[in-house]
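Participant: okay, sequence plus prediction incoming.
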Amino acid sequence: MTSAYQQQLVQQLRDSEARIAAVRALHQSVDGLGYHEDGRYEGDRLACSTCGTPDEYAAWWPCSTIRALDGAPEAQP
Ligand SMILES: [Zn+2]
């Protein structure tokens, strides 16, 4: 038998996981245009579908949001 507190914790966990999944659904990898700083468009790089655009204003994949969700060291404050 679970207590009301345990049930509350389980519900909070489910709510948190659903919100994380919603954030991941927004930040998908898409084909970028391969922009290079010297102005060339060459090769294919993955860009985030939400952060920026696929061109020179792209946020390359994985974006900082996905790195933070994945717990990447560079995403730590
Ligand atoms: Zn993103």
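Facilitator: Here it is on my side, so go on. All figures in this text were calculated on a predicted structure; none of them were measured in a lab. Residues are numbered from 1 along each chain as shown.
Participant: what about the longest helix seen in the chain, average pLDDT?
Facilitator: When the chain is scanned for its longest helix (criterion: DSSP state H), the result is helix 4-26. On average, the pLDDT along helix 4-26 is 97.
Participant: pull the distance from it to the chain's centre.
Facilitator: Computed by Cα atoms, centre = their mean, to the nearest Å, the separation of helix 4-26 from the middle of its chain amounts to 17 Å.
Participant: ok, and what's touching it?
Facilitator: The contact list for helix 4-26 (Cβ atoms under 8 Å, 6 or more residues apart in numbering) reads 2, 49, 50, 65, 66, 69. Every C-beta, even on glycine, is put in place using the N, C-alpha and C of the backbone.
Participant: which residue is nearest the middle of the chain?
Facilitator: Geometric centre of the chain, nearest residue: residue 66, 2.7 Å, by Cα atoms, centre = their mean.
Participant: for the ion, see how far away residue 15 is.
Facilitator: Remark: distance between residue 15 and the ion (Cβ to the ion, to the nearest Å) = 22 Å.
Participant: what's the spacing between that residue and residue 33?
Facilitator: Going from residue 15 to residue 33 by Cβ to Cβ, to the nearest Å gives 37 Å.
Participant: between these two, who's got more neighbours?
Facilitator: In this view residue 15 and residue 33 are compared by other Cβ atoms under 10 Å, and residue 33 has more residues nearby, 15 against 10.
Participant: show me what contacts that one?
Facilitator: Contact analysis of residue 33 by Cβ under 8 Å, 6+ apart lists 41, 47, 54, 55, 56, 58.
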